[in-house]
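Everything below, folded, please.
(2 chains)
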Protein chains: 2
Amino acid sequence: MTLTTLPPPHHEPVAPHDLRARVTDVLLRFIDDQDQILRDVDPELSTMTTALREFVLSSGKRLRSTFCYWGWRGAGGAPDDEGILVAASALELLQGCALIHDDVMDSSDTRRGLPTMHRRFARWHRLGDLHGSPEEFGTSVAILLGDLCLSWCAQMFDGCGLSEAAISRAKPAFHQMHTELMAGQYLDLLGPARGGGSSERARLIIDYKTARYTVGRPLELGALLADGGPELRARYAAYARPLGEAFQLRDDVLGVFGDTERTGKPAGDDLRAGKHTVMMDLTRSRATAAQRAVLDALFGNPDLDRDGIGKIQDIIRETGALASVNALIEEHRTAALSHLTDSLLETETQATLTELAITVTNRDY
Amino acid sequence: MTLTTLPPPHHEPVAPHDLRARVTDVLLRFIDDQDQILRDVDPELSTMTTALREFVLSSGKRLRSTFCYWGWRGAGGAPDDEGILVAASALELLQGCALIHDDVMDSSDTRRGLPTMHRRFARWHRLGDLHGSPEEFGTSVAILLGDLCLSWCAQMFDGCGLSEAAISRAKPAFHQMHTELMAGQYLDLLGPARGGGSSERARLIIDYKTARYTVGRPLELGALLADGGPELRARYAAYARPLGEAFQLRDDVLGVFGDTERTGKPAGDDLRAGKHTVMMDLTRSRATAAQRAVLDALFGNPDLDRDGIGKIQDIIRETGALASVNALIEEHRTAALSHLTDSLLETETQATLTELAITVTNRDY
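Sure, this is the predicted structure:
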């Protein structure tokens, strides 16, 4: 079963639209406040806030804030508390830093079909006929904007309005989330540089960059803010780990077989970059000598064309690696869901986390 | 009077050696703790902590932690409190981020005579015979390490051990310090790109990047942590602003006339980069037509040689710009010191802040 034959999800998108809209709203309000402050210093500074505002508006998923919010709800937090919305939204700024800096590190041209931050500012430099290298200027501004997102993440979280006790309870996990993200990024950088690399390492990176960072820590933060106990937090962690794996595996499949219009990423980029994934590991370990020769010639080849992409896709299918990965996704998702099936969680949270698990592993979410 | 004829300071270096050593110690202990955690995830991660440990050891000034500590002392904080040492030391990690990212943005090869972080990791990549571009790898790791410093700054500050109330009191200023730094960096980037630029803008950048970031906010943070009142904090701000200006002006003079061995920066870099400073503004506004023609040809010329540097230096002297800047430094320093002369501050703090003001504006500090 290939990805494109998967049935469309029969339920509503996971992050209820009103939660997503409210997170966007909170982020825009924060940026507007900062804009006021910065404008008073120098009107030129509003170029920074304008860029971040557009970046926030172009972001669609809000996975981290969604998991944080439901982590809170599952621990008995009030549905309409403004404080948790602000705290949860802050996590999107950490993700903003990760994306903006990632795009610099990968020299990516586009994200979600729009120019990346460093490209935008290179263009702005060019259009304004400024001095110096547009590319260097773009990169420098993107580095600064990522730094600003990272600083603002902590500022929003600290100023969310929940009690000092709640914030202090959550702070160690908040900081761990940062370190884990950067550690995961470093290992992710080192993998292709070292070449080869083990499946074990690939799974470690998934655990840090995806399972914990996207699912586990956000849920935990919500729970801690609502003073949820250790049993609940252990349950969240048990749900997050396999779900993160399933999510990353789906992402890897989409990186090779996904539709550019839906993923927002140019097709074949992961193959050109020689991105190390569990799926490619499986493919290589099961490949015949002839298939391996094709992989050696094409995988990681920066000049890979549409024809070459097709050849690698065929090998991934023929070796059964694609089917195995799809089965693994199913398996991990089932494992994740098994941790939701008792009375520890209140019904609405249980239903939402179930839906989230299905949706993020089913579709290009 | 040129810089090199200034008498050596007749007193001990400002940051008492034991305070500096203790700050280094606190930073190394924090990094060691993180190293333990990261090593357990993957031994490869200790490359990050090793690099940051060496970076911390190579840093000498500790201005921000020193001002933060004395801001605390001036507000009546206990001399031997471990918490203030940790909180003050955290500011060095913000500075670490600023330096590491600055060096990437400026493509600098060296800092304090040692290879910059991105160059170190490019070299590490080359020596390890890794795949891909050593330069891109070095830049990527430096971006991540700067991010890590920024995250760890907040983590150290939050975990300093002072009371929750003290930390909450200081947090808004802590966050403002971050935003101001990044705003200052952005304006600093935009200046040369726009070309020209006003003295007003140059002074604004000094206010944000130097006066507030290096002196004012650190003092304020110390005061807030010790629950110092608004009158004291206003006094600190009044001292910080002219001192920051004097400090930056001295830095600009050193950037053109300084001895590489003392400044750790290659001579002439600021002239090659066409760095906009108050001194260069004054020089240009007073230059004859002939001198202006020389400046147009040489200032901002990336191929500037020793002979060209000498020619610009002569013009700066001949126009009287150097003398004026030295007079300005004197004037600002006097203004800063005038805010220390009453009984609001306890004696030891008053003496130390006086010494600090003299030392940082006198020598290549």
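
Number of residues surrounding residue A:50?
12 (other Cβ atoms under 10 Å in any protein chain shown). For the C-beta atoms, the positions are set from N, CA and C on the backbone; glycine is no exception.

continuing past the worst-scoring helix or strand of chain A on mean pLDDT, what's the next helix or strand?
Ranked by mean pLDDT, DSSP states H and E, the helix or strand of chain A with the weakest confidence is helix A:260-263, at a mean of 64. Scanning forward in sequence from helix A:260-263 by DSSP states H and E, the next helix or strand is helix A:269-272.

And the next helix or strand after that next one, what's buried?
Where DSSP H and E defines the elements, the next helix or strand beyond helix A:269-272 is helix A:278-286. Buried residues in helix A:278-286, counted by 16 or more other Cβ atoms under 10 Å in any protein chain shown: A:278-284, A:286.

so which of the residues you listed comes closest to chain B?
The closest of those to chain B turns out to be residue A:280 (Cβ to the nearest Cβ; 15.1 Å).

Which pLDDT value goes with that closest one?
Looking at residue A:280, its pLDDT stands at 91.

what's the answer for residue A:43, then?
Reading off the model, residue A:43 has pLDDT 94.

before we move on, what about residue A:275?
Note for residue A:275: predicted pLDDT of 81.

wait, isn't it in contact with residue A:202?
No: Residue A:275 is not in contact with residue A:202 according to Cβ atoms under 8 Å; the separation is 9.9 Å.

out of the two, which sits in the more crowded spot?
Between residue A:275 and residue A:202, counted using other Cβ under 10 Å, the more crowded position is residue A:202 (22 against 19).

In which helix or strand does that one reside?
With DSSP H and E as criterion, residue A:202 is part of helix A:199-205.

Who are the packing partners of that helix?
helix A:164-194, helix A:278-286 (3 or more Cβ pairs under 8 Å, 6 or more residues apart in numbering or on different chains; DSSP states H and E).

Residues in contact with the helix or strand following that helix: which ones?
Sequence order places helix A:217-225 as the next helix or strand after helix A:199-205, per DSSP H and E. Around helix A:217-225, the neighbours that count as contacts under Cβ atoms under 8 Å, 6 or more residues apart in numbering or on different chains are A:63-75, A:77, A:83-84, A:87-88, A:91, A:162, A:166-167, A:169-170, A:173-174, A:176-177, A:180, A:228, A:232-233, A:236-237, A:239-240.

How many residues are close by the nearest residue to residue A:274 once chain neighbours are set aside?
With Cβ to Cβ, 6 or more residues apart in numbering or on different chains as the criterion, residue A:274 has its nearest non-adjacent residue at 2.6 Å, and that residue is residue A:300. The burial count assigned to residue A:300 is 19, neighbours taken as other Cβ under 10 Å.

repeat for the one 10 residues further on
Taking other Cβ under 10 Å as the criterion, the count of residues near residue A:310 is 11.

Let me know the helix or strand that it is in.
helix A:306-318.

And that helix, what's buried?
Neighbour count says helix A:306-318 has A:308-309, A:311-313, A:315-316 buried, by 16+ other Cβ under 10 Å.

quick one on the thing from earlier: residues touching the residue nearest to residue A:274, list them.
Applying Cβ under 8 Å, 6+ apart, the residues near residue A:300 are A:192, A:271-274.

same question, residue A:38
Residue A:38 touches A:45-46, A:48-49, B:179, B:183, counting by Cβ under 8 Å, 6+ apart.

Need the three-state assignment for residue A:154.
helix (DSSP: H, G, I helix; E, B strand; the rest coil).

and what of residue A:151?
Applying three-state DSSP: residue A:151 is helix.

Surely it and residue B:180 touch.
No: using Cβ under 8 Å as the test, residue A:151 is too far from residue B:180 to be in contact (10.2 Å).
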